[in-house]
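# sequence first, then the predicted structure, then my questions.
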Amino acid sequence: MRRVISLYLPRFATDRIERVRPRPPRPLALVAEAGGRRVLYAVDPVARRAGLRPGMVLADARAQVPALETLPARLREDKADLARLAAWCNRYSPWTAAEDPTVVGAAGDPAALALEQAG
């Protein structure tokens, strides 16, 4: 019987940005193109407390939170970093997998890892 641990990383993309570039605590959202519209790909905790969620249309988010700071989402970099994290986890688990963080507008936030729990 295989037991799998699911690691949900709700702030993976924004934490990655903030780790490199510390900033004052104001709402931050990463924006990507989806279906011809600009949507929120990821939001930081301040933006989440203001009611913003991934998948929201950017115009609606700006209407709700005028002080919103936005940066372009770096989908390839997020995917590569998540894959590196999954590979690093191989030292603790014989099997790891990364969710594809490039699926914009999916329910919930885009980053998760799955690890087999052996023994």
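Nice, I can see it.
# mind listing residues that contact the lowest-mean-pLDDT helix or strand in the chain?
One helix or strand of the chain scores below all others by mean pLDDT, DSSP states H and E: helix 12-20, with a mean of 82. Residues from elsewhere that reach helix 12-20, judged by C-beta atoms under 8 Å, 6 or more residues apart in numbering: 28, 30, 41-44, 71, 73-74, 77-78, 81-82, 101, 109-111. For every residue, glycine as well, the C-beta is placed using N, CA and C.
# tell me how far it lies from the chain's centre.
Chain-centre distance of helix 12-20: 9 Å, with C-alpha atoms, centre = their mean, to the nearest Å.
# following that helix, which helix or strand comes up?
Using DSSP states H and E, the helix or strand that follows helix 12-20 towards the C-terminus is strand 28-34.
# sheet partners, orientation included, of that following strand?
Note on strand 28-34: by DSSP bridges, its sheet partners are strand 37-43 (antiparallel), strand 69-72 (parallel).
# relative to strand 37-43, how tilted is the least confident helix or strand of the chain?
With axes from the mean of the first three to the mean of the last three C-alpha atoms, to 10 degrees defining the directions, helix 12-20 sits at 70 degrees from strand 37-43.
# what's the angle between the helix or strand that Ala114 is a member of and helix 12-20?
Using DSSP H and E, Ala114 sits within strand 112-116. If you take the same axes, to 10 degrees, strand 112-116 sits at 100 degrees to helix 12-20.
# now do strand 112-116, average pLDDT.
In this model, strand 112-116 has a mean pLDDT of 87.
# low pLDDT regions in this protein?
For the chain, the stretches with pLDDT under 70 are 23, 100-110, 119.
# how far is the biggest helix by length in it from where the chain is centred?
With secondary structure taken from DSSP state H, the chain has its longest helix at helix 75-89. Taking the mean of its C-alpha atoms, helix 75-89 sits 12 Å from the chain's own mean (C-alpha atoms, centre = their mean).
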